[in-house]
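Undergrad: Sequence and computational prediction follow.
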Amino acid sequence: MIAAVRSRIAAAARWLAPSAAAACAGSLAGGVVEHLGRGAGGAGAGGAAAAIGFFALLAIPALLAASAAARGVYALWQPAQLAASLVEDGGGAPRLAGWIAAVGTGALALAWLMFQGTWLLASWTAFKPLTLGYAMPVLAVGAALALVALARPAALLFTAIARAADRRWRRGGRRRTLLRPRAILTGAIALALATAYALWRIVVRPRLGPLDTSALHAPAAALTAAALALALWGRAGRRARVIGGGAAAALAAAALVAALAAARTAPSLTLELWGEQPLAGLVIERLFDLDAIRDDLPREELRPTARPGAAHPDIVIITIDTLRADRTPPYGGPAEMPALRALAERGAVFERAYAPSNVTRRSIPAMMIGIHANRVRGRVVGWALRVDPRHVLLAERLRAGGYDTAGFMCCLSFWGPEARTGLGRGLDHLEIDGDGTRLAQRARAWLDARELLPGRRPLLLWMHLIEPHNWANGVPDSLAEAERRKLYDRSIARADALLPTVLGAFASRPADRAPIAIVTADHGEALGDHGVPYHAADLYNSNLHVPLVLAGPGVRVGRVAEAVSLTDLVPTVLELAGFEPPPPAEIDGRSLADLATGRRAGDPAAGVAFAAMVKDRSNPGGVTALVRGGWKLIEGAAGLELYDLRTDFGERVNVSGRHPEIVRELVPLLRERQALARRPLSR
Ligand SMILES: [Zn+2]
């Protein structure tokens, strides 16, 4: 009994051995290709071994399953028996050739129908998911049924053609048949690969535009190496199998050990691999706790340097999603926003504050790390960005500096535990609610309870409100422009109504113990400007110009005309909180504390802000913009655009031809910031 089981296990192991060897060989090849393909910066032999090991953790099971499945299917087809039944006198199998040709042309027809069908349906329905979701299966089933109906007639036709061609080839009887089963299969595979590649290059690729396929190199290398290993296994003798298979297995095991050791003992290396290698990174974030690895880094290096004698006031930052400055009262806008108006009247209004990008996913990390949007690393998850854990966020710095930190955030897609974006890093207390009113009430309740505690540490509270982002939900596109603006204004008024709920928690404090309150936004909204209804499509001021209002002890009352960027938020807040701003090597922003406190008046002709559109799921990317004082240079697909913001803040007239000297001055500043995107990120 036991002997029988044992022999069965031995048989299964023998059967699996070639797949296991192929999986090891494929993983090693793929791991090496992914590691060599990454950007600059090396981690030595140990780092390379760990990188290959992380890749192998994913690739070995995948390749093992794939090769076992492929071999199983192959065996079930009983190819020898099939060939014998199809082979005719003379060793040829014209019926096999006929059926393979029928299947091949059928597959081609189906692929063409689905490609064209998807293309046309998407453009006719303007990507309506429900219509597409219904129409595509109907198209697919209809096409498949038609192909099944035509399959046998087509196979008979192709068989006749193959038979005739082979007869002609063999005329005279001296030459061997072309239609040997093995030759047919090899030819069919080669033809299929060549056709797929040609279609990709001629039809698909040109329509897709710029596309980064480098992430596919490693899987392709892994599959090729595994297939090669399987083919060799079939031909090799027992000795070669033992030596080759054993070597592949031993190397793969060593790489796996290196990876597991790195995850436990080398957090910097592991985080670097997460950031630089897409597939090894996928394994790291799936199998290990990225935040726990991040927590293994020494905390001291995050601690900001306290300025001697400086006070550490409470800081309240409220970011309002999709808030365009010129609709709000401090910037001459018509919306009902009494709370923001009152805050502006008792604080500093930055008249020319620019968001680092035009979409939350890119702006919020740039604002809270203090670097340009094109330097923020991470992976897109849903609508958000999983921020590279090597970046340090404002809340982490303040917490390391002795602050209590709390976040009241909308929404789960950005701050929820499932999204694991890392944007909540450094926030000791985090509450998430999709409803702004409830969120503000929860923040108020938490603040009220906290106000009663003795011996409190200073506080950073960050609240992100989504209300204006959803202003267009259910609003028909046909609505007149003025009506649409009214609806937008109403949504930003709703966000404003939430401010007193939160800020009111500090109302009973004496003025010198009030918090420093900061209200700003991640980006604006086009509202029809430049032919665009919403945001994320361009870098014009409708998208970039956002409110930046500060008030509190030490903050001046008045307006600042100098252009600033919201990448300046981190150093500004740190300085206002009594710390030295981080050194320029760590961040791109500069502290605006001198402007906010009135130590410096600000120069309307100076001040530089940079913004970047980063290509990802909803963003075509490829546009950058630079403001210096009253000039703005935009570089996109259409080339350079220059605007004189002093007379044309809505960017209607491109004056790059009239002011080549300004273009010449601004282009190097733009290039310098564009180039930063390619700088490797290392801690
Ligand atoms: Zn947003």
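TA: Perfect, I can see it now.
Undergrad: alpha carbons only for contacts and neighbour counts from here, please
TA: Will do.
Undergrad: any idea which residue of the chain is furthest from its center?
TA: residue 172 (64.5 Å; C-alpha atoms, centre = their mean).
Undergrad: Quick check: it is in a helix.
TA: No: remark: residue 172 does not belong to a helix; assigned using DSSP: H, G, I helix; E, B strand; the rest coil, it is coil.
Undergrad: Provide the backbone phi and psi angles at it.
TA: The phi and psi torsions at residue 172 (degrees, to the nearest 10) take the values phi 100, psi -20.
Undergrad: do the same with residue 430
TA: Dihedral angles (degrees, to the nearest 10) for residue 430: phi -130, psi 120.
Undergrad: That one contacts residue 406, correct?
TA: Yes: using C-alpha atoms under 8 Å, residue 430 is in contact with residue 406, at 5.7 Å.
Undergrad: Looking at these two, which is more packed in?
TA: Shown here are residue 430 and residue 406; by other C-alpha atoms under 10 Å, residue 406 has more neighbours (24 against 19).
Undergrad: Next up, phi/psi of the more buried one, please.
TA: Phi and psi for residue 406, reported as degrees, to the nearest 10, are phi -140, psi 140.
Undergrad: What pLDDT is listed against it?
TA: Per-residue confidence (pLDDT) for residue 406: 96.
Undergrad: residue contacts, it?
TA: 427, 428, 429, 430, 459, 460, 461, 462 (C-alpha atoms under 8 Å, 6 or more residues apart in numbering).
Undergrad: Which residue, neighbours along the chain excluded, lies closest to residue 596?
TA: residue 555 (5.5 Å; C-alpha to C-alpha, 6 or more residues apart in numbering).
Undergrad: Quick check: the one you found vs the ion, distance?
TA: Separation of residue 555 from the ion (C-alpha to the ion, to the nearest Å): 27 Å.
Undergrad: What about that residue, how many residues nearby?
TA: Using other C-alpha under 10 Å, residue 555 is surrounded by 21 other residues.
Undergrad: quick one: it and residue 349 touch, right?
TA: No: with contact defined as C-alpha under 8 Å, residue 555 does not reach residue 349; the gap is 10.4 Å.
Undergrad: Quick check: the residue of the chain found nearest the ion vs residue 673, distance?
TA: Closest contact between the chain and the ion, by C-alpha to the ion, is at residue 360 (3.7 Å). Here residue 360 is placed at a distance of 20 Å from residue 673 (C-alpha to C-alpha, to the nearest Å).
Undergrad: swap in residue 455?
TA: Relative to residue 673, and taking C-alpha to C-alpha, residue 455 is found at 44 Å.
Undergrad: more neighbours, those two?
TA: A count of neighbours by other C-alpha under 10 Å puts residue 673 above the other of residue 455 and residue 673, at 20 against 7.
Undergrad: Can you tell me which helices and strands the helix or strand that the more buried one is a member of packs against?
TA: Here residue 673 sits within helix 660-675, counting by DSSP states H and E. With contacts defined as 3 or more C-alpha pairs under 8 Å, 6 or more residues apart in numbering; DSSP states H and E, helix 660-675 has these neighbours: strand 623-628, strand 631-636.
Undergrad: At which residues are the strands of the stretch 301-450 of the chain located?
TA: 315-320, 348-354, 378-381, 384-387, 404-409, 429-432 (DSSP state E, counting those that start in this stretch).
Undergrad: deepest of those strands, which one?
TA: For the strands of the stretch 301-450 of the chain, the largest average neighbour count (mean count of other C-alpha atoms under 10 Å) is found in strand 348-354, namely a mean of 26.
Undergrad: which helices and strands does it pack with?
TA: strand 545-546, strand 548-551, strand 558-565, strand 608-613.
Undergrad: what does the longest one rub up against?
TA: In this case it means strand 558-565. In contact with strand 558-565 (C-alpha under 8 Å, 6+ apart) are residues 345, 347-356, 589, 595-596, 601-610, 627-629.
Undergrad: what's the answer for the first one, then?
TA: Residues from elsewhere that reach strand 545-546 (C-alpha under 8 Å, 6+ apart): 323-326, 352-355, 520-524.
Undergrad: mind running it again at 6 Å?
TA: 324, 325, 353, 354, 521 (C-alpha atoms under 6 Å, 6 or more residues apart in numbering).
Undergrad: Fine, thanks again, bye for now.
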